[in-house]
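[1] A structural model of the following input is requested.
(chains A and B)
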2 protein chains.
Amino acid sequence: MNFSSKLLETAVAEFAKLPGIGQKTALRLVLHLLDEDKEEVERFSHAISKLRNEVQFCEACHNISDQAVCEICASPRRNHQLICLVEDTRDVMAIENTSQYNGLYHVLGGLISPMDGVGPSDLNIDSLIERIKNTEVTEVIFAVSATMEGDTTIFYLNKKLKDFPLKISTIARGIAFGGELEYVDEITLGRSIATRVLYESSIK
Amino acid sequence: MNFSSKLLETAVAEFAKLPGIGQKTALRLVLHLLDEDKEEVERFSHAISKLRNEVQFCEACHNISDQAVCEICASPRRNHQLICLVEDTRDVMAIENTSQYNGLYHVLGGLISPMDGVGPSDLNIDSLIERIKNTEVTEVIFAVSATMEGDTTIFYLNKKLKDFPLKISTIARGIAFGGELEYVDEITLGRSIATRVLYESSIK
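    Take a look at the predicted model:
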């Protein structure tokens, strides 16, 4: 692209480094910011820089937090016997949005993926073991994506945790609520028949 | 969404103000920035704030520029007798990318659109008239979108400029190069027949 201004070119290049943002979208966003008030743009720029410089990760669960220990881990109203293992912050937010879970979390910071060079040592697993040893946890729930990486991570952690006096569970997999049977993929449908549950327990 | 951090929430809210960026995309972008080095994020944040605070608009053509007069208007190698009227900076870039035009530009800063409350006084029209009066311009080329707003703007400006000793032209409209005839919309196809050009002049 032919930029008439070096400042413009730099700003567009910075935006285009973001995932899923190409040159054209970057230009559109930058031109939008140019139309905004200076204060508005300063607020945008400041929010990002402040976040990166001041953000903390909870000492216990590694979730993004404003304090050393996050609100969930610090809350006396949560069930401290349950730990839900998730890949990242987004999963914590997704589960919190359901309002169906009242335990704690542990953010692994990724999933085991030999293809991407992510091994167990890259994840927050040691701190998980420490938590299990030193706290009152009685159940660990795997809430990871139903992918190869998710399954590998569950398999690894399951072996790692099997000597602790723990209940280990995974979130239920099967056809989605509201999903039409004919459009469900074969593997999901096949597994959902194989792992069917008694009607009584499915509606509790 | 349930944010575990106020800093995170603020940054996501700022990103989500950008056009075409929803909450989920904003969150993805912000989490990406959190994974980056501090210096990288500082560079991003600085580039935006610097652009907004230091950008200038060319005194002659109103294009985004680093100096008081942009490179195009200042260049002795461009044809100063031609002025191409465009809606915004993106159009200047698009035309510059073709390498087919060697004249100057005039950025209107929008198109006349009564529906959006944009009238002639909101556009850079007075400065255009001044330019035509005081410089050696001999031809004005309308290079605006083939929309209702574009046509309205051309109609208005054409009346405004008709008393000047000027050649007034618009960029050619018709079927796109490489376009299959059967997929061209009816209006474009109909107009392209009505405004057909002699074969000799179409290949020059």
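[2] tell me the contacts of the residue nearest to the spatial centre of chain A?
    Centroid-nearest residue in chain A, with C-alpha atoms, centre = their mean: A:Asp88, separated by 2.5 Å. Counting by C-beta atoms under 8 Å, 6 or more residues apart in numbering or on different chains, A:Asp88 makes contact with A:Val107, A:Leu108, A:Gly109, A:Gly110, B:Leu31. C-beta: built from backbone N, CA, C; applies to glycine.
[3] got the domain boundaries for chain A?
    Domain ranges of chain A: A:6-54, A:79-171, A:174-204, per automatic domain parsing.
[4] mind listing the helices for chain A?
    A:6-16, A:23-35, A:38-54, A:71-74, A:89-98, A:126-134, A:148-161, A:186-194, A:199-202 (DSSP state H).
[5] Next, the angle from the third one to helix B:23-35.
    Per axes from the mean of the first three to the mean of the last three C-alpha atoms, to 10 degrees, the angle that helix A:38-54 makes with helix B:23-35 is 50 degrees.
[6] same question, the fifth one
    Orientation check (the same axes, to 10 degrees): helix A:89-98 against helix B:23-35 gives 140 degrees.
[7] could you dump helix A:89-98 to CSV, C-alpha only?
    Extracted in CSV, the C-alpha atoms of helix A:89-98 (Å, rounded to 0.1, in the frame of the first residue of the first chain):
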residue,chain,number,x,y,z
THR,A,89,-9.0,-17.2,30.8
ARG,A,90,-11.7,-17.3,28.1
ASP,A,91,-12.8,-20.7,29.3
VAL,A,92,-13.1,-19.3,32.9
MET,A,93,-15.3,-16.5,31.5
ALA,A,94,-17.4,-18.9,29.5
ILE,A,95,-18.1,-21.2,32.5
GLU,A,96,-18.7,-18.2,34.8
ASN,A,97,-21.3,-16.9,32.3
THR,A,98,-23.3,-20.1,32.8
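[8] Identify all contacting residues around it.
    Residues contacting helix A:89-98 (C-beta under 8 Å, 6+ apart): A:63-64, A:72, A:84, A:86, A:101, A:105, A:107, A:143-144, B:1-4, B:8, B:27-28, B:31.
[9] how about 10 Å then?
    A:57, A:61-65, A:70, A:72, A:84-86, A:101, A:103, A:105-109, A:141, A:143-145, A:171, B:1-5, B:8, B:24, B:27-28, B:30-31, B:34 (C-beta atoms under 10 Å, 6 or more residues apart in numbering or on different chains).
[10] Got a ChimeraX select line for the buried ones in the residues you listed?
    This is the ChimeraX syntax for the buried subset of the contacts of helix A:89-98, where burial follows 16 or more other C-beta atoms under 10 Å in any protein chain shown:
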select /A:57,61,62,63,64,65,70,72,84,85,86,101,103,105,106,107,108,109,141,143,144 /B:3,4,5,8,27,28,30,31,34
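[11] Show me the one of the domains of chain A that comes nearest B:Ile129.
    domain A:6-54 (24.5 Å; C-beta to C-beta).
[12] What's the mean pLDDT across the closest one?
    Regarding domain A:6-54, the rounded mean pLDDT is 92.
[13] Can you measure across that domain, start residue to end residue?
    Using C-alpha to C-alpha, to the nearest Å, the end-to-end distance of domain A:6-54 comes to 30 Å.
[14] cool, and stretch A:181-191?
    So stretch A:181-191: terminal residues 13 Å apart, C-alpha to C-alpha.
[15] May I see the buried residues of it?
    A:Leu189.
[16] Also stretch A:150-160?
    Neighbour count says stretch A:150-160 has A:Gly150, A:Asp151, A:Thr152, A:Thr153, A:Ile154, A:Tyr156, A:Leu157 buried, by 16+ other C-beta under 10 Å.
[17] before we move on, what about stretch A:27-47?
    A:Leu27, A:Arg28, A:Leu29, A:Val30, A:Leu31, A:Leu33, A:Leu34, A:Val41, A:Arg43, A:Phe44, A:Ser45, A:Ala47.
[18] Noted, bye for now.
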